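Trainee: Show me the folded form of this:
(chains A and B)
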Protein chains: 2
Amino acid sequence: MSLLVVGSVAFDSVKTPFGEVEEVLGGSATYFSIAASYFTDVSLVAVVGEDFPEAHLDFLKERNINIDGLKRDSGKTFRWKGEYSYHLNEAKTLKTELNVLESFRPTLPPSYCEAPMVFLANIDPELQSNVLNQVKNPGLVACDTMNFWIEGKRDALIKTLASVDILIINDGEARELAREVNLVKAAKKIRAFGPKILVVKQGEYGALLFNEETIFSAPAFPLENVFDPTGAGDSFAGGFMGYLSKYQTFNDDAIRRAVIYGSTMASFNVEAFSLDRMRTLKYAEIESRYQAFKGLTTFENVANPES
Amino acid sequence: MSLLVVGSVAFDSVKTPFGEVEEVLGGSATYFSIAASYFTDVSLVAVVGEDFPEAHLDFLKERNINIDGLKRDSGKTFRWKGEYSYHLNEAKTLKTELNVLESFRPTLPPSYCEAPMVFLANIDPELQSNVLNQVKNPGLVACDTMNFWIEGKRDALIKTLASVDILIINDGEARELAREVNLVKAAKKIRAFGPKILVVKQGEYGALLFNEETIFSAPAFPLENVFDPTGAGDSFAGGFMGYLSKYQTFNDDAIRRAVIYGSTMASFNVEAFSLDRMRTLKYAEIESRYQAFKGLTTFENVANPES
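Mentor: So this is what the prediction gives:
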C-alpha cells in the first residue's frame, strides 16, 4: 500500500548546545518520508529549487521513496534557521525563507491520485486541502500543523480538519487550536472539528493519544545523547503512519502500537543532526527499540502478585 | 509495619485559575501522611503552633496517623502562600513564614526510633539527618528536597543523601542537584551520591524511575479538572512509600507498582484544594484508578498480533 505525503523539503541551519550545522537536508515531508519508508511505500509531493543537490534526491530514491511528485522550480529551496537552548523541547526560529514554496500549487501525478492513505505534513492549510482534493478516495487522512497556521489561517485549517481522520500536533498547538488549556477538554473540542483521533506530541515527555473514549499515554525514549530535536515530530508521524500503512489495521490497539513506532522513529532521529541517523538505521534496530519501550512502561496490574 | 515521616505541617494560602483559599491545611508531612495512611501505619514528626486547630488533629487521627511526634510549640504554625498560572506545573511562592519550624529540633518518641521505614519530606536537610540519626535501624529510607536546599545547603543535603535509599524529586531539582541537563546522565550522577533509586516527578507529564540499569516511565493520569497541584508531589511520595510499607517487597517490579500508586494518589489530590479530596476518598477508588493506569499505558509487544 502507498502513503502519500505533502509537505516541505528544506535546507535547515540548526544550532543546539551540542553543535551547529548549515544548510543541511530538512523539511517536514523529508523527515516524514524517510521514517515512513522503513514500513511502507511513500509518494512524496513537495518542491525544491535549482540549488537542491542530486545527492539528496539519491538518498530519497535509495529509501524507495517515489519522487515523481517532487517538483523542481526555478529559484531557491525553502530554508529554515533555528536554535535550541539546553532545554531542547522548543526551537527558536531565527529565519524562514519560503522561496519556491511560496507559489507552490502542485498537480499530482495520476498514480498519486489513487493513494489510499494521505499525510498532510506541516504546510499552508490551503495547500493541504488543494492536495487532498486531488486524491480520489483516501481511506485514511492524517494531518500536522503549527501555531503559525493556527493563528494566521484558522478558518482554512478548520476547513481542512473536517476531512481529516487523525490530527498529530504538539501540546502547545492543541491548546491554541482548542483555545483550552486542559488537554482532556482540548481533545474533545478538537475531535469536534473532524479528526476522530488526536495525537498530542509532548517532546521529551512522550505523546498522548485520544481515541473515542480512551486515552493512551506513551513515553519518549530516555536518551543520554539528544543532539538535535529538529524533525522529531515529523519522524514520529512517519513511523506512526508508516506502521498503519504496513498493517492496514486501524482499531485502538493498532493505533497504540503506531504511537510507539512513531516514538521509536522520533527517538532515533534526535540522535544526530539532520537525517544523519537515518542514513545508517536498520529495521532490526527499530524492532529492538520498540521492545525496549515495552520494558519502559510495563507494570503488573495486581497490587501484590507475590501473594 | 510503621512508616515514619518528618516534614512540615502548614497553613497554605493558594490561588489557582480555578479559585483561592486562605490558610487551609497543608505541609509536606501532612500530604504525605494522609496519602500513605490508605496503605500503612504512619508516624508523624512535625511541629505546629498554638494557632493549629483541634479539627486538623482529629482529621489526622481519623486516618489512624500516630501524632505522638507532632509537637505543639508556642508561636505560630508554618505558613506558605503561592499561586499557579494556567499552566499548573509550577507554583510561584509569594510568601514563606517559617515560624515554629525555624527552631524545631525534634526528639523522637521512643517507639518511633524502631521505625523500619523512613520518609524525609521536603525540609532542612540538617533536620532530615537529625531525625534519621535517631532511628535505630531503618530498613528503607526515602527523601524529598527542593531547589531552596539544593542551592542553600548543598553540603548538608549531599551528606543526608549518603544515607538515603530512594530520592524522590522533580525534574528541575534533579537537573540542579546533578548540575546536568540530560536526565539520564543526571540520574547516574545522583545515584553516585547514595540513593540506589531515583524517582523524578514531572508534574502533568508523570514520573521516571531510575533503578540500577532499568528505567520505568509512568504517565500522570489525564484529568479534566485539576484544581490545585499543591501537595501532589508529597501525595505521590505517600502513595509510593505507603504501598512499599504495606507489601514489604522492594524488587524492581514492586517499585514500579509503587510509582503507579504514587501517581494515583497525586491524581486524586489535585482534584480539590488542600487535602479536601482525601476527606472523602475510599480505598476502592484507589484500586479502580490503578487499573485505569494500566489501560492508559498498555500496548501489545508484537508488531502485528492479528497475523
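
Trainee: Could you tell me how many residues sit around A:Tyr283?
Mentor: 9 (other CB atoms under 10 Å in any protein chain shown). Just so you know, the C-beta spots here come from the backbone N, C-alpha and C atoms, and that holds for glycine as well.

Trainee: Could you measure from it over to A:Gly233?
Mentor: Here the criterion is CB to CB, to the nearest Å. By it, A:Tyr283 lies 22 Å from A:Gly233.

Trainee: Which elements pack onto the helix or strand where A:Thr160 lies?
Mentor: Using DSSP states H and E, A:Thr160 sits in helix A:154-161. Here helix A:154-161 touches helix A:125-132, helix A:147-152, going by 3 or more CB pairs under 8 Å, 6 or more residues apart in numbering or on different chains; DSSP states H and E.

Trainee: looking at those, which is closest to A:Ala220?
Mentor: Smallest distance to A:Ala220 across the helices and strands packed on helix A:154-161 (CB to CB): 20.9 Å, for helix A:147-152.

Trainee: is chain B contacted by the closest one?
Mentor: No - contact of helix A:147-152 with chain B (CB under 8 Å from any CB of the partner chain) is absent, the minimum separation being 15.7 Å.

Trainee: residues of that helix that come out buried?
Mentor: A:149-150 (16 or more other CB atoms under 10 Å in any protein chain shown).

Trainee: and the helix holding A:Thr160 with helix A:125-132, angle?
Mentor: 20 degrees (axes from the mean of the first three to the mean of the last three CA atoms, to 10 degrees).

Trainee: Can you name the next helix or strand after helix A:154-161?
Mentor: Downstream of helix A:154-161 (by DSSP H and E), the next one is strand A:166-170.

Trainee: Is that next one positioned near chain B?
Mentor: No - judged by CB under 8 Å from any CB, strand A:166-170 and chain B are separated, with a smallest distance of 13.1 Å.

Trainee: That strand pairs with which strands, parallel or anti?
Mentor: Strand pairing for strand A:166-170, using DSSP bridges, gives strand A:140-143 (parallel), strand A:197-201 (parallel).

Trainee: average pLDDT across the longest one?
Mentor: Which is strand A:197-201. When pLDDT is averaged along strand A:197-201, the result is 98.

Trainee: Likewise for stretch A:164-177?
Mentor: Stretch A:164-177 comes out at a mean pLDDT of 96.

Trainee: first to last residue in that stretch, what's the distance?
Mentor: Counting by CA to CA, to the nearest Å, you get 15 Å between the two ends of stretch A:164-177.

Trainee: can you list contacts of that stretch?
Mentor: Stretch A:164-177 is contacted by residues A:120, A:140-147, A:150-151, A:157, A:161, A:181, A:183, A:186-187, A:190, A:193-203, A:208, A:233, A:236-237, A:240 when judged by CB atoms under 8 Å, 6 or more residues apart in numbering or on different chains.

Trainee: so how far is that stretch from its chain's centroid?
Mentor: Computed by CA atoms, centre = their mean, to the nearest Å, the chain-centroid distance of stretch A:164-177 equals 12 Å.

Trainee: What segments of the stretch 101-250 of chain A are strands?
Mentor: A:117-120, A:140-143, A:166-170, A:197-201, A:207-211, A:214-218 (DSSP state E, counting those that start in this stretch).

Trainee: what packs against the last one?
Mentor: When contacts are defined as 3+ CB pairs under 8 Å, 6+ apart, strand A:214-218 sits against strand A:207-211, helix A:252-269, helix B:283-297.

Trainee: In PDB, list the C-alpha atoms belonging to the first one.
Mentor: So the one you mean is strand A:207-211. The C-alpha trace of strand A:207-211 is given here as PDB (Å, rounded to 0.1, in the frame of the first residue of the first chain):
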ATOM      1  CA  ALA A 207       2.700  11.500  23.400                       C
ATOM      2  CA  LEU A 208      -0.900  11.300  24.300                       C
ATOM      3  CA  LEU A 209      -3.500   9.500  22.100                       C
ATOM      4  CA  PHE A 210      -7.100  10.500  22.300                       C
ATOM      5  CA  ASN A 211      -9.300   8.000  20.500                       C
END
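
Trainee: now for that strand, which elements pack on it?
Mentor: Using 3+ CB pairs under 8 Å, 6+ apart: strand A:207-211 touches helix A:183-192, strand A:197-201, strand A:214-218, helix A:252-269.

Trainee: Measure how it sits relative to helix A:252-269, angle-wise.
Mentor: Using the same axes, to 10 degrees: strand A:207-211 against helix A:252-269 is 160 degrees.

Trainee: Sheet-wise, list the partners of strand A:207-211 with their directions.
Mentor: Short version: by DSSP bridges, strand A:207-211 pairs with strand A:197-201 (antiparallel), strand A:214-218 (antiparallel).

Trainee: would you turn the ones you listed into CSV with mean neighbour count?
Mentor: Shown next, in CSV, are the strands paired with strand A:207-211 (neighbours: other CB atoms under 10 Å in any protein chain shown):
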stretch, mean neighbour count
strand A:197-201, 25
strand A:214-218, 22
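
Trainee: Using TSV, please lay out the ones you listed together with distance to B:Gly295.
Mentor: Output for the strands paired with strand A:207-211, formatted as TSV (distance: least, CB to CB, whole Å):
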stretch	distance to B:Gly295
strand A:197-201	17
strand A:214-218	7
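
Trainee: What's the PyMOL line that selects buried ones from the contacts of stretch A:164-177?
Mentor: A single PyMOL command selects the buried members of these (16+ other CB under 10 Å):
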select buried, chain A and resi 120+140+141+142+143+144+145+146+150+157+161+183+186+187+190+193+194+195+197+198+199+200+201+202+203+208+233+236+237+240
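
Trainee: List the residues that contact A:Ala36.
Mentor: Per CB under 8 Å, 6+ apart, neighbours of A:Ala36: A:3, A:5, A:42, A:119, A:238-239, A:241-242, A:245.

Trainee: can you pull the pLDDT of the residue nearest to A:Ala272 when sequence neighbours are not counted?
Mentor: Of all residues not flanking A:Ala272 in the chain, A:Phe227 sits nearest, at 5.6 Å (CB to CB, 6 or more residues apart in numbering or on different chains). Among the per-residue scores, A:Phe227 holds a pLDDT of 90.

Trainee: burial of A:Phe227, as a residue count?
Mentor: Neighbours of A:Phe227 (other CB under 10 Å): 22.

Trainee: Now that it has come up, it's in contact with A:Phe268, right?
Mentor: No - judged on CB atoms under 8 Å, A:Phe227 makes no contact with A:Phe268 at a distance of 11.5 Å.

Trainee: can you list the weak-confidence ranges in the stretch 201-307 of chain A?
Mentor: A:307 (pLDDT under 70).

Trainee: Next to chain B, which bits of it? Give me the list.
Mentor: So far as CB under 8 Å from any CB goes, the stretch 201-307 of chain A lies against chain B at A:202, A:205-206, A:208, A:214-219, A:222-226, A:243, A:247, A:249, A:253, A:256-257, A:259-261, A:287, A:290-291, A:294-301, A:303-306.

Trainee: Which ChimeraX command selects the buried ones in these?
Mentor: Buried subset of those, written as a ChimeraX selection, criterion 16+ other CB under 10 Å:
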select /A:202,205,206,208,215,216,217,218,219,222,223,226,243,247,249,256,257,259,260,261,290,296,297,299,303
